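**Q** Have a look at this prediction, sequence included:
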Amino acid sequence: MSKKTRQKHRILLLIAFAILGYAASFYSPQQTDGSAPGQNAETLYEQQQSNQQLEVTGQIIKLLTDDHVGRRHQRFIIKLEGGLTLLVAHNIDLADRIETIKEGDTVNVYGEYEWNERGGVIHWTHHDPDKRHVDGWIKHQGTTYQ
């Protein structure tokens, strides 16, 4: 292989690594326990943290009307065992609406936590068709919605 050919191969490899590095910046690997290491909803709330993957289990205390502004979201409030309340905003343009939920039901939710003064919001409870975000889900009565 000539010196010129080896130099072209090196340049192509550098370009390929640069592209891979750029693409990797859009990918957030899923934590095996559903949250950032050492994080739970109460800690994230106290520290006013956002943009954190989080898994919680809570009781539905209030069903809200669907949000139809922009992408449609099914909304409800859950109360965690420790008393913290969270708004769940489930994108029903990308995932099935959960028709069977009612106040008093228990749900397991995995999505992205966003802090607010009322406790916070969990969204991204659905698959990402573009594969640029960690897939989320809601589990209710043995069925997974994503």
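**A** Cool, got the structure. Numbers count the residues shown, from 1 in each chain.
**Q** Is residue 44 in a helix, a strand, or coil?
**A** helix (DSSP: H, G, I helix; E, B strand; the rest coil).
**Q** Tell me if I'm right that it and residue 122 touch.
**A** No: counting by CB atoms under 8 Å, residue 44 sits too far from residue 122 to count as a contact (10.4 Å). C-beta coordinates here come from the backbone N, C-alpha and C atoms, glycine included.
**Q** Give me the more crowded residue out of the two.
**A** Neighbours were counted for residue 44 and for residue 122 using other CB atoms under 10 Å; residue 122 has more, 27 against 21.
**Q** ok, what's across the strand from the more buried one?
**A** Residue 122 has these beta-bridge partners by DSSP bridges: residue 88, residue 113.
**Q** show me the contacts for it.
**A** Counting by CB atoms under 8 Å, 6 or more residues apart in numbering, residue 122 touches 54, 56, 86-89, 109, 111-114, 136.
**Q** switch to 6 Å and redo it
**A** 86, 88, 109, 111, 113 (CB atoms under 6 Å, 6 or more residues apart in numbering).
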